[in-house]
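K.L.:
Show me how the following folds:
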Amino acid sequence: MEHDVESIIKNTLFRAHALQRMFQRKIRKDAVFGILISGEVLEEYPDDLPYPSRLIMGWYEGRPLHVVAAYDSAERKEIVITVYEPDPNRWDQGLRRRRR
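P.N.:
Model prediction:
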């Protein structure tokens, strides 16, 4: 996946679910683009279908966010599946590992 800003913006698709959740959670597209560009991959799901996906963690204007995204390598498109603010009851103090 290319990581330059123009390429990310041009080649990112948002699933309807992601857009709905972003609206409900007051998360803007520029926040998601920033996390796709500079976020930290926390988990990878290589067996997800129809495309491998991953969980990416980042901060936007002091707010922690998790982005679940898949990559369609044939079309060279990033697909945003959902975006949320991690629940500290379900994640460790750094919001990088799930609590057991």
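K.L.:
So H17 belongs to a strand, correct?
P.N.:
No - assessed by DSSP: H, G, I helix; E, B strand; the rest coil, H17 does not belong to a strand; its assignment is helix.
K.L.:
Alpha carbons of the lowest-mean-pLDDT helix or strand in the chain, as CSV, please.
P.N.:
Across the helices and strands of the chain, mean confidence by mean pLDDT, DSSP states H and E is lowest for helix 5-10: a mean of 84. The C-alpha trace of helix 5-10 is given here as CSV (Å, rounded to 0.1, in the frame of the first residue of the first chain):
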residue,chain,number,x,y,z
VAL,A,5,-1.3,11.5,1.2
GLU,A,6,-2.6,12.0,-2.4
SER,A,7,-2.6,8.2,-3.1
ILE,A,8,-4.3,7.4,0.2
ILE,A,9,-7.1,9.9,-0.4
LYS,A,10,-7.6,8.9,-4.0
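K.L.:
and the residue nearest in space to the middle of the chain, what does it touch?
P.N.:
Central residue of the chain (Cα atoms, centre = their mean): V67, 2.0 Å from the mean position. Counting by Cβ atoms under 8 Å, 6 or more residues apart in numbering, V67 touches 32, 35-36, 39, 55-56, 58, 80, 82-83. C-beta here means a position set from N, CA and C on the backbone, and glycine is covered the same way.
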